[in-house]
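Undergrad: Mind looking at a prediction? Sequence and model below.
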Amino acid sequence: MTARQAAAIVALVVGAATLALAVGLAVAQFPRGLAVLGCVAVAVVAGWYGLLRRGIPRIAGLGLAGVATIGTALLLLSDGLVVLILVVAGVLISVAAVDAAFRVHVSLPQASPPGQPALFINPRSGGGKAEKFSLAQEAQRRGYETVELEPGDDLETLVRQAIDRGADGLAMAGGDGSQAIVASIAAELDLPYACIPSGTRNHFALDLGVDRDDVVGALDAFVDGGEHRVDLGEVNDRVFVNNVSLGLYAEAVGRPGYREAKLRTLLDTMPDTLGPGGRGLDIRWKGPGGHEHDASTAILVSNNRYRLGSGVGPGTRPRIDDGLLAVMIIGPPTSGSTGRRLQRPWREWSAPEFEIDADSSVAAGIDGEVIRLEPPVRFRIRPGVLRAHISRKHPGASPSAVAPERLIDVLRALGRTALGRN
């Protein structure tokens, strides 16, 4: 029996037992379960109401949400506590087993290692991960030239200077904003690129198939790694590796004082953007059908599509080589020509290009860095331009690369794996 087969069996058995326990708990506590659902609904609605307002209405809404949350906890803890703990434990075990059953490891085509690779290190990224793992020393042992960024340094200038010295492979140890700069130059000159996950979240590394827990091992991408050509996104001639957000997040980060008080600034921005009379985004755009729309709360344009629903690997991109941008509009927007409202509060589609227009500059969060873009704001995909090298010890693909997206398909795939048919 393989490890994947064992994991699939555990996921199905524990998942079924957990579901039975949860149903039994709901039946045993009827009609208390309805009271729990009611408290949860009140907490969500009142909390959202409070977040979108200021002054007394905010205090009242958040206060009611707090009372409803406490009520939910008391109802759950008053009876069936042991069963509830077993249900939670079962869910956690099932999720871990599903993850193990669909764990991916792709054998990428063998790539010739660069003769003179250069590694650029942001020592402040990720709370000092580079120093923690002695990244510079480990890189030098593998034949890298190392360049450590100092405050005020221009990363693009440092990279081009290294290329002038003969660098024929570029690696970046830092956050996704820095990864985008180095990846852009690597794509421009058709040089191999390696993503070293020493940032805080390392979203690009995850979707490339780099093991984010093996920072030092990622250096082996230029020792015996495989190569995968992936896409890059571009907005007004600036490259992004993950996504560009317009709306609440970008507006909050662009406000004075965000760095010192992130949560307070975000909460203060919500009423202006999402609340009654909130201005939203004063922009114009066309949907996939060619109809023009205006006004929306937020827009997210990503380098390939994120998996946002049920299934395995939510919040990741199953692939970053399908040659398409993913566009998500949250609003809902209104039609500039007819005034009709969309049926859903969000809309998403894929396209090679996307454009928005506005009467003034637009705040945009590009891979986590906020800048203002002058309209028209033009997005496009650059298919297969980046020669990403990945260590053979690492997965080589996104966590959601081989897993089905719909829950029913996940269950079917688990069944086939448990029976040894995959």
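TA: Looks like it arrived, so ask away.
Undergrad: I'd say Asp168 and Gly143 touch.
TA: No: counting by C-beta atoms under 8 Å, Asp168 sits too far from Gly143 to count as a contact (11.7 Å). In short, each C-beta sits where N, CA and C put it, glycine included.
Undergrad: Name the residues contacting each of those two.
TA: By C-beta atoms under 8 Å, 6 or more residues apart in numbering, Asp168 and Gly143 have these common neighbours: 116-117.
Undergrad: Domain-wise, how is this structure divided?
TA: Domains of the chain are assigned by automatic domain parsing as 3-105+403-418, 117-238+386-390, 243-380.
Undergrad: so how far is the first residue of the second one from its last?
TA: Spelled out, it's domain 117-238+386-390. Distance between the two ends of domain 117-238+386-390: 14 Å, counting by C-alpha to C-alpha, to the nearest Å.
Undergrad: Could you give the separation of that domain from the chain centroid?
TA: 19 Å (C-alpha atoms, centre = their mean, to the nearest Å).
Undergrad: Kindly report the same for the shortest one.
TA: When distances are taken as C-alpha atoms, centre = their mean, domain 3-105+403-418 is centred 22 Å away from the chain's centroid.
Undergrad: nearest spatial neighbour of the spatially most central residue of the chain, skipping sequence neighbours?
TA: Residue closest to the average C-alpha location in the chain (C-alpha atoms, centre = their mean): Gly315, at 4.9 Å. In space, and not counting its chain neighbours, Gly315 is closest to Tyr306: 6.5 Å by C-beta to C-beta, 6 or more residues apart in numbering.
Undergrad: Any idea what Gly169 is bridged to?
TA: Per DSSP bridges, residues listed as beta-bridge partners of Gly169: Pro117.
Undergrad: got the CA positions of the helix or strand Gln179 falls within in PDB?
TA: Per DSSP states H and E, Gln179 falls inside helix 176-189. This file holds the C-alpha atoms of helix 176-189, laid out as PDB (Å, rounded to 0.1, in the frame of the first residue of the first chain):
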ATOM      1  CA  ASP A 176       7.200  38.700  -4.000                       C
ATOM      2  CA  GLY A 177       7.700  42.300  -4.900                       C
ATOM      3  CA  SER A 178      11.400  41.700  -5.200                       C
ATOM      4  CA  GLN A 179      10.800  38.400  -7.000                       C
ATOM      5  CA  ALA A 180       8.900  40.300  -9.700                       C
ATOM      6  CA  ILE A 181      11.800  42.700 -10.300                       C
ATOM      7  CA  VAL A 182      14.300  39.900 -10.700                       C
ATOM      8  CA  ALA A 183      11.900  37.700 -12.700                       C
ATOM      9  CA  SER A 184      11.200  40.500 -15.100                       C
ATOM     10  CA  ILE A 185      14.900  41.000 -15.900                       C
ATOM     11  CA  ALA A 186      15.400  37.200 -16.200                       C
ATOM     12  CA  ALA A 187      12.500  37.000 -18.700                       C
ATOM     13  CA  GLU A 188      13.700  40.000 -20.600                       C
ATOM     14  CA  LEU A 189      17.100  38.400 -21.200                       C
END
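Undergrad: Count the residues that sit near the residue lying closest to Pro113 once chain neighbours are set aside.
TA: Leaving aside its chain neighbours, Pro113 sits nearest to Phe222 (5.2 Å; criterion: C-beta to C-beta, 6+ apart). Residues near Phe222, counting by other C-beta atoms under 10 Å, number 27.
Undergrad: which outside residues touch the helix or strand containing Phe222?
TA: Element membership of Phe222, judged by DSSP H and E, is helix 221-224. Helix 221-224 has contacts (C-beta under 8 Å, 6+ apart) with 113-114, 117, 142-144, 169, 171, 192, 194-195, 210, 389-392.
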